[in-house]
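J.: sequence unknown, structure follows:
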């Protein structure tokens, strides 16, 4: 499988389930996972984006250790993609607008606890490698980016 194919599969899973698990490492070296609403943006291949409150713990985590992992899976677990990469914290109104345009309708729970939308940061994961699983068929393939 090539990079482009993995990104297409990733986009299909995001379109279907709208969420993914995002994992960081805290200051004590413990993994921390949470559900987020990711986006792939046209013209920005090889990166995964989501918005967050600048006061969230995950911002502190990625500023001290930018290595992260994602898990994307279908509801029936017939397709799973794990992604590893490095995160950039972006405070850019233009990219924030792009990400919000894609994920905004999926953020009902987030808006109940978030700050004003203009105060959000974007976390951009630059994908370094991905593992594509099809557990029902016993398939697993690693793709380096």
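T.: All right, it came through fine. This one's a predicted model, so the numbers in the text were calculated from it and none came from an experiment. Numbering: from 1, shown residues only.
J.: And residue 29, how far from residue 69?
T.: Look at residue 29 and residue 69: by Cβ to Cβ, to the nearest Å, they are 14 Å apart. Glycine gets a C-beta too; all of them are placed from N, C-alpha and C.
J.: So for the two, which sits in the more crowded spot?
T.: The neighbour comparison of residue 29 against residue 69 (other Cβ atoms under 10 Å) goes to residue 69, with 16 against 7.
J.: quick one: contacts for the nearest residue to residue 142 once chain neighbours are set aside?
T.: Counting by Cβ to Cβ, 6 or more residues apart in numbering, residue 142 lies nearest to residue 131, which is 5.0 Å off, once chain neighbours are set aside. Neighbouring residues of residue 131 by Cβ atoms under 8 Å, 6 or more residues apart in numbering: 81-82, 140-143.
J.: Which strand or helix spans residue 131?
T.: For residue 131, the host element (DSSP states H and E) is strand 121-134.
J.: So which residues make contact with the helix or strand that that strand is followed by?
T.: Counting by DSSP H and E, the next helix or strand C-terminal to strand 121-134 is strand 139-144. Strand 139-144 is contacted from outside by 1-3, 6, 128-134, using Cβ under 8 Å, 6+ apart.
J.: No more questions from me, cheers.
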